[in-house]
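Undergrad: Please work out how this folds:
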Amino acid sequence: SAGSTANTAQDDASTTAQHSDGLSHALNTSERSIANNPYETAYVFDRAGNPIMEKTGLQHEVSFTDAETGKLKGAVLTHNHPHNVSFSRADVQTHIQHEIGEIRAVTGDHRYSLSVPPDTKWTPKLESHIQTRYNGMLSQAKADVAAGKRTVKDVNRNLHHELWTDIAKEQGWNYAREEW
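TA: Residues are numbered from 1 along each chain as shown. As a prediction, the model looks like this:
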């Protein structure tokens, strides 16, 4: 289950296993309501499942004001990804910089969850490492498509998942993807 063991990255693991009943209910209800929206919507909850805020964004992003980001520390932020992909680099950067307890993304068929140790910092070295890893994985994926080993659709849907799986294992983060 996601988060039950430190330093793991998991595929098709439960993303709600360690949540309180109230938080699990709030996440399930909100995530099902936004999973197929054509624009991003975010919900932020405390660990008991009490709502902190709801934000509607654009097709590829939800933005927060400075006052709103001050409410994110330790919270659980869930949002949808209309293009059926895992976390963007901006999602992970926001998670780390604002010390969000857990960030989640939902699509029509998957839920993604990421939590990092509280002392994790977003540094130029980490950002560069992630970008370098992504570039290498993208280059390999393009070669695989050219060789007929993967489809463009598969790469588009799974490359970020593969990236965060690798980075999470390496960094000791808890990352999971659950099919639903």
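
Undergrad: okay, CA-based contacts and neighbour counts for the rest of this
TA: Noted.

Undergrad: what residue of this structure is the furthest out?
TA: Ala147 (30.0 Å; Cα atoms, centre = their mean).

Undergrad: Could you measure from that residue over to Arg133?
TA: Distance, Ala147 to Arg133, by Cα to Cα, to the nearest Å: 21 Å.

Undergrad: cool, and Ser115?
TA: Distance from Ser115 to Arg133, by Cα to Cα: 20 Å.

Undergrad: Of these two, which one has the most company?
TA: Applying other Cα atoms under 10 Å to Ser115 and Arg133 shows that Ser115 carries more neighbours, namely 24 against 15.

Undergrad: what does the longest helix anywhere in the chain contact?
TA: Secondary structure of the chain per DSSP state H: the longest helix is helix 124-146. Counting contacts by Cα atoms under 8 Å, 6 or more residues apart in numbering, the residues outside helix 124-146 that touch it are Arg150, Thr151, Val152, Val155, Leu159, Leu163, Ile167.

Undergrad: so for that helix, what's the average pLDDT?
TA: Regarding helix 124-146, the rounded mean pLDDT is 98.

Undergrad: Just give me how far it sits from the chain centre.
TA: Distance of helix 124-146 from its chain centroid, counting by Cα atoms, centre = their mean, to the nearest Å, is 18 Å.

Undergrad: Ok, stretch 18-38 next?
TA: With Cα atoms, centre = their mean, you get 14 Å for stretch 18-38.

Undergrad: How about stretch 40-58?
TA: Counting by Cα atoms, centre = their mean, stretch 40-58 comes out at 14 Å from the chain centroid.
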